[in-house]
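Peer 1: return atomic coordinates for the entry below.
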Amino acid sequence: MIESSIGVLAAFTIYIVLMMGIGIYYWRKEQSVSDYILGGRQLGPWVTSMSAEASDMSGWMLMGLPGYAYMSGLEAGWIALGLILGTFVNWQIVAKRLRQYTEIANDSLTLPDFFENRFRDNSQTLRIISAVFILIFFLIYTSSGFVAGGKLFNTVFGIPYVSAMVICALVVVFYTFLGGFMAVCWTDFIQGVMMFFAILAVPITAAFLMGGPSATIASLATLNAEMFNPFTSAAGKPLSLITIISLMAWGLGYFGQPHILVRFMAIRSSSEIKEATNIAMTWVVLSLAAAVLVGMVGRVFLQQPLEGAAVETVFMSMTTEIFSPFFAGLIMSAVLAAIMSTASSQLLVTSSAVSQDFYKALIRKHASEKELVWVNRLTVIGVSVIAVLIGLDPNNFVLDMVAYAWAGFGASFGPALLMALFWKRMTRNGALAGIIVGGITVLIWKQFALFGLYEIVPGFIFSCLAIYIVSISDAMPSQEILDEYEDVNKSKI
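Peer 2: You can find the predicted model right below:
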């Protein structure tokens, strides 16, 4: 632990001031709801890819996944593999199609907005139900980020956990409140770069301090050879097929994550998706592999074993032992970056759902642009307060909280989005059934933990079935909807 270190404090201060400065800059530039929510669809490929991945990985990549690898070794590699495959498929088949469809479908700004426009749902039921699930699962997801922030400041500075969590929340709220989407994306870009170099630097440096890769592997094998077997637990018990499926099923979640999908909607042109995909995949493969290495190397590098929820501090503990205070502060700022990048994106999507899908849809249909931007900003504050209250228990595991929210979004919106983009015959009632069935399945399955199967798997399957059965039982979509679908097929936006 580093306490009262001027070097660490200086590094953190520089980073936080920079993030706040970006928020102030875009506060002066914001002009409309479209600017605040999607940045006017003007993101370039580098900012799109880096902000998408930074907002995706969050604090769990530097805390949750290394903590899991610290306990389980290469068993954690199944999560990384599932996420890599999910990321690739999402960029390859969803990104371009979603960018084109959302603009053609009445310039949709949010995921619920797109569902309503795609299916001409004049009742607004589809929009409202979608927004409800966004609120439910983003409260959990955002709270996980604040929990990670609390653990970070508690570990680094010895600040009481609750106070530390509140400090993290205040910084995130500041630049999200002021700057909106562009501030979030540019801070995400910077945070993504920081996360990338930090997650590589720690395990590589630690390994060389122990005598190099060969010596590190030998030490870990002596401690527990099962750490290198992806088909067994650290205790030597074979992993069941259900366990492997559950770990890899994290990849299914990508198709329903609003804070990632919104980046696809905001890129300047679908022609830039290919370049963005290459950037994103390079980042993801190297970063996830390094995250697993952090946990495994940390198992033999740290002299004092970590237990319980403390295993998720392995990255920070290694950093404080390896680097000088200032450089340790810079590297651990990457943990703060990871936390902030996702929390800010989630707050923005949640505020968008409230302003567009509740306030404008149900309360003030003719609300002005300025009024809606302020509804967004006030929602950021309200959601943050609730997320802090959810995360008050310091024994919360970041990875467990993220897994719950990830499954909720993946099952609620993943099947609905994929089929809305690629199945002409899908109907409004089918979409509604899929979202409700997927979301409720996750909520129920999580409580009973049936068969030890990760709740995203049954949620995704049941959602797909619900969409298909209800849609083929419905009348054909209107000719207007079918024509729009064909327009997307021809689009070069």
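
Peer 1: tell me where the model's unsure across the chain.
Peer 2: 1-5, 26-43, 54-55, 58-59, 175-185, 338, 341, 493 (pLDDT under 70).

Peer 1: which ones are touching the residue nearest the centre of it?
Peer 2: Closest residue to the average C-alpha location of the chain: residue 56 at 3.1 Å, with Cα atoms, centre = their mean. Residue 56 makes contact with 87, 254, 257, 259-260, 342, according to Cβ atoms under 8 Å, 6 or more residues apart in numbering. The C-beta positions use only the backbone N, C-alpha and C, and glycine is treated the same way.

Peer 1: how about the residues you listed in CSV, adding neighbour count, secondary structure and distance to residue 487?
Peer 2: Shown next, in CSV, are the contacts of residue 56 (neighbours: other Cβ atoms under 10 Å; DSSP: H, G, I helix; E, B strand; the rest coil; distance: Cβ to Cβ, whole Å):
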residue, neighbour count, secondary structure, distance to residue 487
87, 24, helix, 28
254, 24, helix, 26
257, 28, coil, 26
259, 29, helix, 28
260, 25, helix, 25
342, 29, helix, 34
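
Peer 1: which one of those sits closest to residue 129?
Peer 2: Distance to residue 129 across the contacts of residue 56 (Cβ to Cβ) is lowest for residue 257, with 17.7 Å.

Peer 1: how about the contacts made by that closest one?
Peer 2: 56, 406, 409-410, 413.

Peer 1: which among the contacts of residue 56 gets closest to residue 422?
Peer 2: Distances from residue 422 to those, taken by Cβ to Cβ, are shortest for residue 254, at 15.4 Å.

Peer 1: ok, back up a step: any idea which helix or strand carries the residue nearest to the centre of the chain?
Peer 2: Under the criterion of DSSP states H and E, residue 56 resides in helix 45-62.

Peer 1: and that helix, how far out from the chain's middle?
Peer 2: 8 Å (Cα atoms, centre = their mean, to the nearest Å).

Peer 1: and the following helix or strand past that helix, which residues are buried?
Peer 2: Going down the chain from helix 45-62, the next helix or strand is helix 64-72, by DSSP H and E. Neighbour-count burial for helix 64-72 flags 64-72 (criterion: 16 or more other Cβ atoms under 10 Å).

Peer 1: so which of those residues comes closest to residue 349?
Peer 2: For the buried residues of helix 64-72, the nearest to residue 349 is residue 64 (20.6 Å; Cβ to Cβ).

Peer 1: any idea how far residue 306 is from residue 156?
Peer 2: Separation of residue 156 from residue 306 (Cβ to Cβ, to the nearest Å): 15 Å.

Peer 1: these two: who's more crowded?
Peer 2: residue 156 (26 against 18; other Cβ atoms under 10 Å).

Peer 1: the more buried one is in contact with residue 316, isn't it?
Peer 2: Yes - with contact defined as Cβ atoms under 8 Å, residue 156 reaches residue 316; the gap is 6.5 Å.

Peer 1: overlap of the contact sets of those two?
Peer 2: residue 332.

Peer 1: mind saving the C-alpha coords of stretch 17-28 as PDB?
Peer 2: Extracted C-alpha coordinates of stretch 17-28, given in PDB (Å, rounded to 0.1, in the frame of the first residue of the first chain):
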ATOM      1  CA  VAL A  17      -7.600  17.400 -13.800                       C
ATOM      2  CA  LEU A  18      -7.100  16.300 -17.500                       C
ATOM      3  CA  MET A  19     -10.400  14.400 -17.500                       C
ATOM      4  CA  MET A  20     -12.300  17.300 -15.900                       C
ATOM      5  CA  GLY A  21     -10.700  19.700 -18.400                       C
ATOM      6  CA  ILE A  22     -12.200  17.600 -21.300                       C
ATOM      7  CA  GLY A  23     -15.600  17.800 -19.700                       C
ATOM      8  CA  ILE A  24     -15.400  21.600 -19.400                       C
ATOM      9  CA  TYR A  25     -14.200  21.900 -23.000                       C
ATOM     10  CA  TYR A  26     -17.200  20.000 -24.300                       C
ATOM     11  CA  TRP A  27     -19.600  21.800 -22.000                       C
ATOM     12  CA  ARG A  28     -18.800  24.900 -24.000                       C
END
